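J.: next one to model:
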Amino acid sequence: MQSGNFFEWLGALVGAVIGGIVHALNFVVHGLGHAAGDFSGGLAGSLGMHDSMLNIVLLVIGLLLLVSGIRALLRRAILAGVIWILLAALVLGKLAIY
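T.: Next comes the predicted model:
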């Protein structure tokens with residue numbers, strides 16, 4: 001009987017499909033990681049700062065503080081807006097520059 005050959009073929013086919021899916025996911029994740037690294041390198045280079053995760057986090061925090069200050073000024077909360085903008089300037093000023 002050739003049922004053993006059929007199940008062997010079926011197992012090889014399922015293994016090949018799963019292997020193809022794993023290789024495709026690896027390709028996508030590697031491509032996204034490479035693109036993110038290139039993006040952060042280009043962003044850091046154009047801003048004149050070092051390309052490190054800490055500097056990117058500080059940049060995001062500083063920009064969020066700046067947006068909060070602008071929103072506070074638009075709400076006519078002058079004191080809060082000035083404080084938020086001063087905090088943003090402090091954080092953005094601490095970025096490691098070349």
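
J.: how's this protein carved up into domains?
T.: 1-47, 48-98 (automatic domain parsing).

J.: now these in a markdown table, with mean pLDDT and mean neighbour count?
T.: Backbone N, C-alpha and C define where each C-beta goes, glycine included. Shown next, in a markdown table, are these (pLDDT from 0 to 100; neighbours: other C-beta atoms under 10 Å):
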| stretch | mean pLDDT | mean neighbour count |
| --- | --- | --- |
| domain 1-47 | 87 | 10 |
| domain 48-98 | 90 | 14 |
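
J.: counting contacts, what elements does the lengthiest helix in the chain pack onto?
T.: Longest helix of the chain, by residue count under DSSP state H: helix 3-47. Helices and strands touching helix 3-47, as assessed by 3 or more C-beta pairs under 8 Å, 6 or more residues apart in numbering; DSSP states H and E, comprise helix 53-74.

J.: name the helices or strands packed onto the helix it packs on?
T.: Counting contacts by 3+ C-beta pairs under 8 Å, 6+ apart, helix 53-74 packs against helix 3-47, helix 78-93.

J.: would TSV of those helices with distance to residue 65 be doable?
T.: TSV is the format used below for the helices and strands packed on helix 53-74 (distance: least, C-beta to C-beta, whole Å):
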stretch	distance to residue 65
helix 3-47	16
helix 78-93	4
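
J.: return the distance of the closest residue to residue 80 other than its chain neighbours relative to residue 13.
T.: With sequence-adjacent residues excluded and distances taken as C-beta to C-beta, 6 or more residues apart in numbering, residue 80 is closest to residue 72, at 4.2 Å. Taking C-beta to C-beta, to the nearest Å as the measure, residue 72 falls 62 Å from residue 13.

J.: one more: residue 64?
T.: For residue 64, the distance to residue 13 - C-beta to C-beta - is 51 Å.

J.: hmm, back to that, nearest to residue 58, of the helices and strands packed on helix 53-74?
T.: Proximity to residue 58, assessed across those by C-beta to C-beta, is greatest for helix 78-93 (5.9 Å).
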